[in-house]
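# my questions are about this predicted structure, shown below with the sequence.
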Amino acid sequence: MGKKFGLAKKQVESRPYALEEAVALMKKVKFVAFDETAELAMRLGVNPKHADQMVRGTLVLPNGLGKSKRIAVVASSDKIKEAQEAGADEVGGEDLVERIQKGYLDFDVLVATPDMMKSVGKLGKVLGPRGLMPNPKTGTVTLDVAKAVREVKAGKVEFRVDKNGVIHAPFGKLSFSESSLVQNARALLDTVVRAKPPTSKGKYVRSVTISSTMGPGIRINVDQI
């Protein structure tokens, strides 16, 4: 594994690449048998310690993510049926909250209706550290549960800057065509750029790197973004 990674890394020059060139190279240096996820890392000129410089948001990638996420929905009355019909994997009310409290975590995204957030709020210690707490800003606290479920299934990506000013987000699978990966990456980059806080001073996008799950990082020319 170490030797194969070293051989892959040798093929990546230290210069910044155009996005199309970088995607082609990322696919070329693949050395593992499974279908890796393509990932993007952006270092931003923001200080996340200040609330007015927090960068977060969501987008539905034009070509999806290549894997279907498991979605759990905590809802009440008629919204339960709505979520089931939209394709949610697990749906319930107080009973589902209780199951999560007892350790059920077999889902990638949790959606909740606003009226159920009082109960869901009690799960903060379980959901918070795993990044699973529903949030109105990311569209996971909503009355339109059907839309939320459909968007996640279609390849909705959530991004949030970490304490070091870096955003990490997936943008597809290596089995995707180069053009599909480039389209997805551009959509993600554009959305993050549009989310620039007004209080951010100086250069906003400091660096961008793409890589596959196991592959080496490939720097992108930020002047083209």
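Thanks, I have it.
# sheet-wise, list the partners of the host helix or strand of E39 with their directions.
According to DSSP states H and E, E39 maps onto strand 37-44. The strands beside strand 37-44 in its sheet (DSSP bridges) come out as strand 166-173 (antiparallel), strand 205-212 (antiparallel).
# among those strands, which is the most enclosed?
Among the strands paired with strand 37-44, strand 166-173 has the highest mean neighbour count (mean count of other C-beta atoms under 10 Å), at a mean of 20. C-beta: built from backbone N, CA, C; applies to glycine.
# buried ones in the strand holding E39?
Using 16 or more other C-beta atoms under 10 Å as the test for burial, strand 37-44 gives T37, A38, E39, L40, M42, R43, L44.
# before we move on, what about stretch 105-114?
Buried residues in stretch 105-114, counted by 16+ other C-beta under 10 Å: F107, D108, V109, L110, V111, A112, T113.
# mind picking the two most distant members of those residues?
Across these, no pair lies farther apart than D108 and T113, at 19.0 Å, counting by C-beta to C-beta.
# after the strand holding E39 comes which helix or strand?
Following strand 37-44 in sequence, per DSSP H and E, is strand 56-60.
# re earlier: contacts for the strand holding E39?
23, 26, 55, 66, 161, 164-174, 176, 181, 184-185, 188-189, 192, 200, 204-213, 217 (C-beta atoms under 8 Å, 6 or more residues apart in numbering).
# repeat that for 6 Å
Strand 37-44 has contacts (C-beta atoms under 6 Å, 6 or more residues apart in numbering) with 165-172, 181, 192, 206-213.
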